[in-house]
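> Build me a structure from this.
(chains A and B)
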Amino acid sequence: MSINRREFLKYAGLTCIGVGVGGAQLFVTRVKPAFSDFKPADYALKAKRWAIVIDLRKFKTEEDYKKVIEACHSIHNVPDFGDDKQHEIKWIWTEDFEHSFPHQQNKFIPKTVEEKPVLLLCNHCTYAPCTRVCPTKATFKRPDGITAQDYHRCIGCRFCMAACPYGARSFNWLDPRPHIRHVNPEFPTRTPGVVEKCNFCVERLDLGKGPACVEASEGKMMYGDLADPNSEIRRYLDENFSIRRKPELGTQPAVFYIIGGEEDA
Amino acid sequence: MLEKALNGGKRYWTLIFILLGISAVGFFTYLYQLKTGLGITGMSRDVSWGFYVGQFTFLVGVAASAVMLVIPYYLHNYKKFSKIVILGEFLAVSAVTMCLLFIFVDMGQPMRIFNVIIHPTPHSILFWDAIVLNGYLFLNIVIGWNTLQAEIKEVPPPKWVKALVYVSVPWAVSIHTVTAFIYAGLPGREFWLTAIMAARFLASAFAAGPALLIILAMIIRKYTKFDPGYEPIQSVAKIVAYAMCVNFFFILLELFTALYSNIPGHVLPFKYLFFGINGHMRLVPLMWLSIFFSLFAIFLLVWPPTRRNETTMLFACIIGFISLWIDKGFGLVIGGFIPNPFEKVFEYWPTFPELVITIGVYAVGFLVLTILYKVAVSIREQQAESGSEPVH
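Okay, here's the model as predicted:
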């Protein structure tokens, strides 16, 4: 079959229109998220504003901290790079008081407080700078206040790491898999080149379980709904004076610390 | 027009193949990085941007500086720039190409780069940076190419090109402003959190870019039959002198606010850069070299006898360029990360593969520049032979 130029142009034009309409159609259907019909199960834990309280008064021994960190890192397949500080990945870890609250400089606080390790993790800020700067919405705010991270959309630009004032984010500089001691098949491992951080155990909330760190802390930490005035966490914050990291930045962290004094050592 | 780039002497082809060779070495090193991860660089959890992002930031400035020739020539009808405006526009093309490549090699998941387009996010400054940089690249290619083409045909360029030229002026300012906004809007990075960041970026850009242009113009004069001329280069040197002074003034403003207010978050990065903290002082010699070179270059460019003497003027441009490169390509990015959010110091230094990839990207940029300049210079040489002048 031979076609002349006129016919060729006609068919080429029609093909272009077809592809264009098809593309537009794809684009329009894309607007509706593919999984929008999915609803969380009845037993899933829900809240308007998730938050965590860390009562440092109750942390006494090194073991108390270790259990919490281990619980988080083992279920989330967080690799252990040992002494390699350059490539390390951490979701929850400890730092001394002075460096956890660098804007709270005070030489005269009780020695016990000064030397006490503070548990650090993502603050799940209400006005999170990391989600503001992310060019692909790979990190985003959920309606329940959690700052989530999509490892499959992240392009690894690390803008969020520059933006986070709390050093909560880690980047997979190398392949993390050889550094995971026991892989938990229930949770994804990561590829090199993406950012990760504490996810407030969203996968556990969906199953009706609280964050792993809180569970492992055996009552030294608490999670709950800040938006509910009758929640246990609100009552606890009413009764105990708490502080947050770098509140002057206006990020509204959702992790609260109760410090205590000499008698709580 | 591109055929002129295929018709060169032995020296031209040697340069082309050297640049191709360096690019290839950079490319294979990049494949190694792609396979192993960005862990082959000196970057860390604390200093999460390094040399690549520094070069990107610096080169955005070099690209924006084309406007320092465009404004006098197109807006003030300063005819002496008629022959060299094209050098500025093509330098911008090459610089933006390098910027985009540096962003690319810095990405952890480069194969996902189109996520920036499929998931457009206007509240991210990077989204806007992608738009303005690509737009600027397009503008300069179209403008440069069309004005040259018109020159060959000895007709004035089409009117719409003039319209694009006017658009390119604020656009040039925008690329560096948006790049400054990447840094200047982050809570908790006090070193970058300064309203003067965009202004300082522009000042250093308008010094570094034209300084590089002078160096390139001198090279062209030496190795080709095209002479950009004494007077146009002198005018560019004056632009460099002014911009270097303004840039230095801005650095002093930063120092005043940081040191007089005495707020630790503002003081510590400067302390780290210029004196070191607790014995961590990898950047200290470089930063002082930058200050010394800046002052010396300012002296040589402001004092008329040393500016009028082309040898000392060229020397001033070279050390001024190095000074600004250290300040922006190195100190600015690294200084923002040290000390870290816990006020602890974790230092950074580029690794060997990181440097090879960096040099590879520069080689690609200079390859683009060499080819574009070859086209422009060939046309200028023809004009010199036939005695015609560019008509605009």
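> So the residue of the stretch 101-250 of chain B found nearest chain A versus A:T139, what's the distance?
Residue nearest to chain A within the stretch 101-250 of chain B: B:G108 (1.9 Å; CB to the nearest CB). C-beta coordinates here come from the backbone N, C-alpha and C atoms, glycine included. Distance of B:G108 to A:T139, given as CB to CB, to the nearest Å: 14 Å.
> These two - which one has more neighbours?
A:T139 (25 against 20; other CB atoms under 10 Å in any protein chain shown).
> for that one, what are its contacts?
Going by CB atoms under 8 Å, 6 or more residues apart in numbering or on different chains, A:T139 touches A:A128, A:C130, A:T131, A:T147, A:A148, A:Q149, A:D150, A:C154, A:C160, A:V195.
> related to what we said a few turns ago, would you mind confirming that the residue of the stretch 101-250 of chain B closest to chain A is in contact with A:D175?
No: applying CB atoms under 8 Å as the test, B:G108 and A:D175 come out as separate, 11.8 Å apart.
> Pull up the overlap in contacts between the two.
A:P192, B:G37.
> Tell me where the model's unsure across the stretch 1-150 of chain A.
A:1-2, A:25-36 (pLDDT under 70).
> need the residues of it near chain B, please.
A:85-89, A:95, A:99-100, A:102-103, A:105, A:129, A:132-138 (CB under 8 Å from any CB of the partner chain).
> The closest residue to B:R282 other than its chain neighbours: neighbour count?
Once flanking residues are discounted, B:R282 sits nearest to B:E347: 5.2 Å by CB to CB, 6 or more residues apart in numbering or on different chains. Residues lying near B:E347 (other CB under 10 Å) number 18.
> For chain B, which segments count as strands?
Assigned by DSSP state E, chain B shows no strands.
> From B:T370, how far off is the residue of the stretch 51-200 of chain A found nearest chain B?
Scanning the stretch 51-200 of chain A for the residue nearest chain B gives A:G156, at 1.9 Å (criterion: CB to the nearest CB). For A:G156, the distance to B:T370 equals 32 Å [CB to CB].
> Give me the buried positions along stretch B:162-172.
B:L164, B:V165, B:S168, B:W171, B:A172 (16 or more other CB atoms under 10 Å in any protein chain shown).
> what packs against the longest helix along chain A?
Of all segments of type helix in chain A, defined using DSSP state H, the longest is helix A:5-31. Applying 3 or more CB pairs under 8 Å, 6 or more residues apart in numbering or on different chains; DSSP states H and E, we find helix A:5-31 packed against no helix or strand.
> Mind listing residues that contact the very next helix or strand once past it?
Next along the chain after helix A:5-31, taking DSSP states H and E as the criterion, comes strand A:50-55. With contacts defined as CB under 8 Å, 6+ apart, strand A:50-55 is touched by A:118-119, A:121, A:124, A:144-146, A:200, A:205, A:211, A:213-214, A:220-226, A:233, A:236-237, A:240, A:242, A:254-258, A:260.
> Now the buried members of these.
Restricting the contacts of strand A:50-55 to buried positions leaves A:118-119, A:121, A:124, A:144-146, A:200, A:205, A:211, A:213-214, A:220-226, A:233, A:236-237, A:254-258, A:260, with burial counted as 16+ other CB under 10 Å.
> so of the residues you listed, which ones are in helices?
Reading helices off those with DSSP H, I get A:L205, A:C213, A:V214, A:I233, A:Y236, A:L237.
> residues in contact with the third one?
By CB under 8 Å, 6+ apart, the residues touching A:V214 are A:I52, A:M221, A:M222, A:Y223.
> Just the pLDDT at the second one, thanks.
Residue-level confidence at A:M221 comes out at 97, pLDDT.
> before we move on, the earlier item: can you list which of the buried ones among the contacts of strand A:50-55 are found in strands?
A:V118, A:L119, A:L121, A:M221, A:M222, A:Y223, A:G224, A:D225, A:V255, A:F256, A:Y257, A:I258.
> out of these, which one sits closest to B:Q149?
Nearest to B:Q149 among these is A:L121, at 60.0 Å by CB to CB.
> Look up the closest residue to B:F27, ignoring the ones flanking it.
B:G360 (6.2 Å).
> Would you mind confirming that the one you found makes contact with B:T29?
Yes: counting by CB under 8 Å, B:G360 does reach B:T29; the two are 6.6 Å apart.
> still on that earlier bit, among the residues of the stretch 1-150 of chain A next to chain B, which are in strands?
Using DSSP E, the residues of the stretch 1-150 of chain A next to chain B in strands are A:E95.
> Buried ones from the residues of the stretch 1-150 of chain A next to chain B, can you make that a PyMOL selection?
Buried residues among these (16+ other CB under 10 Å), as a PyMOL selection:
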select buried, chain A and resi 86+87+88+89+95+99+100+102+129+132+133+134+135+136+137+138
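> how about the nearest residue to B:G61 once chain neighbours are set aside, what does it touch?
Among residues not flanking B:G61 along the chain, B:A205 sits closest, at 2.9 Å (CB to CB, 6+ apart). Neighbouring residues of B:A205 by CB under 8 Å, 6+ apart: B:V60, B:G61, B:V62, B:A64, B:S65, B:H176, B:A243.
> now the residues you listed as JSON lines including distance to B:R380 and pLDDT?
Formatted as JSON lines, the contacts of B:A205 follow (distance: CB to CB, whole Å; pLDDT from 0 to 100):
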{"residue": "B:V60", "distance to B:R380": "28", "pLDDT": "95"}
{"residue": "B:G61", "distance to B:R380": "26", "pLDDT": "93"}
{"residue": "B:V62", "distance to B:R380": "22", "pLDDT": "94"}
{"residue": "B:A64", "distance to B:R380": "24", "pLDDT": "91"}
{"residue": "B:S65", "distance to B:R380": "21", "pLDDT": "89"}
{"residue": "B:H176", "distance to B:R380": "29", "pLDDT": "93"}
{"residue": "B:A243", "distance to B:R380": "26", "pLDDT": "96"}
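> Just send the residues you listed back as TSV, with neighbour count too.
TSV is the format used below for the contacts of B:A205 (neighbours: other CB atoms under 10 Å in any protein chain shown):
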residue	neighbour count
B:V60	30
B:G61	27
B:V62	27
B:A64	27
B:S65	31
B:H176	28
B:A243	25
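> of all those, which comes closest to chain A?
Nearest to chain A among the contacts of B:A205, with distances taken as CB to the nearest CB, is B:V60, at 15.6 Å.
> The residue nearest to that closest one when sequence neighbours are not counted: neighbour count?
Take B:V60 and drop its neighbours on the chain: the residue closest to it by CB to CB, 6+ apart is B:T179, 4.6 Å away. Each residue near B:T179 was counted by other CB under 10 Å, and the total is 29.
> which residues touch B:T179?
Counted by CB under 8 Å, 6+ apart, B:T179 has contacts B:F56, B:T57, B:V60, B:D129, B:F201.
> if we can go back for a sec, quick one: which of the contacts of B:A205 sit in helices?
B:V60, B:G61, B:V62, B:A64, B:H176, B:A243.
> To which secondary structure element is A:E114 assigned?
helix A:111-115.
> What residues of that helix count as buried?
Residues of helix A:111-115 classed as buried: A:V113 (neighbour count, 16+ other CB under 10 Å).
> Show me what it is packed up against.
helix A:97-100.
> Identify the residues contacting the helix it packs on?
A:104-105, A:109, A:113-116, A:118, A:120, A:245, B:342-344.
> Could you export the residues you listed to TSV, including columns for distance to A:V21?
Below are those laid out as TSV (distance: CB to CB, whole Å):
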residue	distance to A:V21
A:Q104	61
A:Q105	64
A:I109	68
A:V113	67
A:E114	68
A:E115	68
A:K116	65
A:V118	58
A:L120	53
A:R245	52
B:F342	55
B:E343	58
B:K344	57
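> closest to B:T121 among those residues?
A:R245 (26.3 Å).
> tell me the phi and psi of the closest one?
Note on A:R245: backbone dihedrals following degrees, to the nearest 10 are phi -80, psi 130.
> All good on my end, thank you.
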